[in-house]
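Trainee: sequence below, structure please.
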Amino acid sequence: MHWEIVVGLEVHTQLSTRSKIFSGSSTVFGAAPNTQASAVDIALPGVLPVLNRSAVERAVQLGLAIGGNISRRSVFARKNYFYPDLPKGYQISQMDHPVVEGGSLTIQVGPDEKTVRITRAHLEEDAGKSMHGDFHGMTGIDLNRAGTPLLEIVSEPDLRGAAEAVAYAKTLHGLVVWLGICDGNMQEGSFRCDANVSVRPLGSGVLGTRCEIKNLNSFRFLERAIEYEARRQIEINEEGGTIRQETRLYDPDRDETRTMRSKEDAYDYRYFHDPDLSPLVISEDWIARTRAAMPELPGAMRERLVAQYAISAYDAAALTASRATAAYFEQLVAASSGEAKLSANWMMGDLFAALNRYELDMAHCPVSAAQLGRLIVRIVDGTLSGKLAKEVFEALWQAAGEVDAIIEARGLKQVSDSGAIAAIVDQILAANPAQVADYRAGKEKMLGYLVGQAMKAMKGRANPQQLNEILLQKLN
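Mentor: Numbers count the residues shown, from 1 in each chain. Okay, here's the model as predicted:
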């Protein structure tokens, strides 16, 4: 039987506020345990929460960016459960009336685009952290994270398989970082995914029983966890078993998911309106001011880049992967005297490859847009061939100087003197009579050999187009 994998993601995005969602405690990562936990965070008797306005503004930005409905009136609820790192015995969250309802996100899956519906985005506080190491059979509790503001973004089960789930997570990650509402640091827990995975017979319209895989903090783990869980469920179904609705954890060392607890439903948490918090009322003026302060969104920028620079939609999508990448591209086009397509090719080729090789992001790129733009100008004006330009780029990456100085110091200027090239071609033809005869007898691959010999003689500095033209003219 053929099976279809169905995935919905719940993404916990830590909002980039300086203080927590209901207290003035700092949200800076890495502080000593329990040094950023106030009386409100640890739920001392008599304390009252006060909502952080900046957290709400960031939620509104996300809602506007995804085309969701901003609830003019939303409420906070108490989600009751008992964990050692939850000092109040409940989590303040939103249930029936979240701050954002609906919306969608368009993702790129290979050459195709897909629109994924978003159910809701709601504000809530994070819990603390249980620490199991170095306590000699005991568990320590660090409440620094307790009360950290989160925006939980819930998708509809529109994703089909691990690849689409990763594409969605990466697109959402890029959006929240683009907006500046989250730093996106997955290693520090700023962006965490819970994946709801089920399988069903291909063509069926009925969803299978889902299992939720908690706290996936890397795209690689998200992909592997979904793939493993889908295989596990398919095997159970094909053997005549029954899938149990449950919460599972992914073990990256064993590359497997395992049972954590039976899956709770909403009624298990006994949600009720938090009596310590008034309803959240968001005015039309507040929404308008938030919208006006937002940056150009990735989708709008993609459309503009296609129209303004005549690049492909695929190129535009890659060049708007982050605000830093998009800004670099537009600076590069300006520095290269408007060579948009060549700028896109260099960024998506040599530049991205180097960033990946050295595990750097665009914000830490050692080659400035002005430097790369100068390099492109030297390609266009014939000073450099494509091959020589790669050598100059590598020198720029190693901070060996500026473009023109590197070209001069290393003698990399392309030879475009037709007389000098013709003289070398004559020498090569005279030195290789057998290959010349073979070419004239129909062995066209000999042309590549002769070009290579001429390039070798000129130390790679001959203008490739002129060399080919002169060589063909003399051969024919």
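Trainee: what segments of the stretch 251-400 of the chain are helices?
Mentor: Under the criterion DSSP state H, counting those that start in this stretch, the stretch 251-400 of the chain contains helices at 284-293, 298-309, 313-319, 323-335, 340-346, 352-357, 369-380, 386-397.
Trainee: can you put those helices in JSON lines and add mean pLDDT?
Mentor: Output for those, formatted as JSON lines (pLDDT from 0 to 100):
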{"stretch": "helix 284-293", "mean pLDDT": "97"}
{"stretch": "helix 298-309", "mean pLDDT": "95"}
{"stretch": "helix 313-319", "mean pLDDT": "90"}
{"stretch": "helix 323-335", "mean pLDDT": "96"}
{"stretch": "helix 340-346", "mean pLDDT": "96"}
{"stretch": "helix 352-357", "mean pLDDT": "96"}
{"stretch": "helix 369-380", "mean pLDDT": "96"}
{"stretch": "helix 386-397", "mean pLDDT": "93"}
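Trainee: tell me which of these sits nearest to residue 189.
Mentor: Closest to residue 189 of those is helix 323-335 (Cβ to Cβ; 22.4 Å). (C-beta placed from N, C-alpha, C; glycine too.)
Trainee: any buried residues in the closest one, and which?
Mentor: Neighbour-count burial for helix 323-335, counted by 16 or more other Cβ atoms under 10 Å, picks out 323, 325-326, 328-333, 335.
Trainee: those into CSV, with extra columns for distance to residue 224?
Mentor: Formatted as CSV, the buried residues of helix 323-335 follow (distance: Cβ to Cβ, whole Å):
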residue, distance to residue 224
323, 29
325, 27
326, 30
328, 32
329, 32
330, 36
331, 37
332, 36
333, 38
335, 41
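Trainee: so which of those is the closest to residue 175?
Mentor: Nearest to residue 175 out of those is residue 323 (Cβ to Cβ; 10.4 Å).
Trainee: residues contacting the closest residue in space to that closest one that isn't next to it in sequence?
Mentor: Leaving aside its sequence neighbours, residue 323 sits nearest to residue 178 (Cβ to Cβ, 6 or more residues apart in numbering; 5.0 Å). When contacts are counted by Cβ atoms under 8 Å, 6 or more residues apart in numbering, residue 178 touches 295, 297-298, 322-323.
Trainee: and the gap between residue 178 and residue 300?
Mentor: Per Cβ to Cβ, to the nearest Å, residue 178 is found 11 Å from residue 300.
Trainee: now swap in residue 155 and tell me
Mentor: Distance of residue 155 to residue 300, given as Cβ to Cβ: 22 Å.
Trainee: neighbour-wise, which of those two wins?
Mentor: A count of neighbours by other Cβ atoms under 10 Å puts residue 155 above the other of residue 155 and residue 300, at 24 against 11.
Trainee: tell me the contacts of that one?
Mentor: Here residue 155 is in contact with 8-11, 105, 116-119, 168 (Cβ under 8 Å, 6+ apart).
Trainee: reformat these as JSON lines; add distance to residue 406.
Mentor: As requested, these are exported to JSON lines (distance: Cβ to Cβ, whole Å):
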{"residue": "8", "distance to residue 406": "52"}
{"residue": "9", "distance to residue 406": "47"}
{"residue": "10", "distance to residue 406": "50"}
{"residue": "11", "distance to residue 406": "45"}
{"residue": "105", "distance to residue 406": "43"}
{"residue": "116", "distance to residue 406": "46"}
{"residue": "117", "distance to residue 406": "51"}
{"residue": "118", "distance to residue 406": "49"}
{"residue": "119", "distance to residue 406": "54"}
{"residue": "168", "distance to residue 406": "43"}
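Trainee: what about burial for the residues you listed, which qualify?
Mentor: Buried by 16+ other Cβ under 10 Å: 8-11, 105, 116, 118-119, 168, out of the contacts of residue 155.
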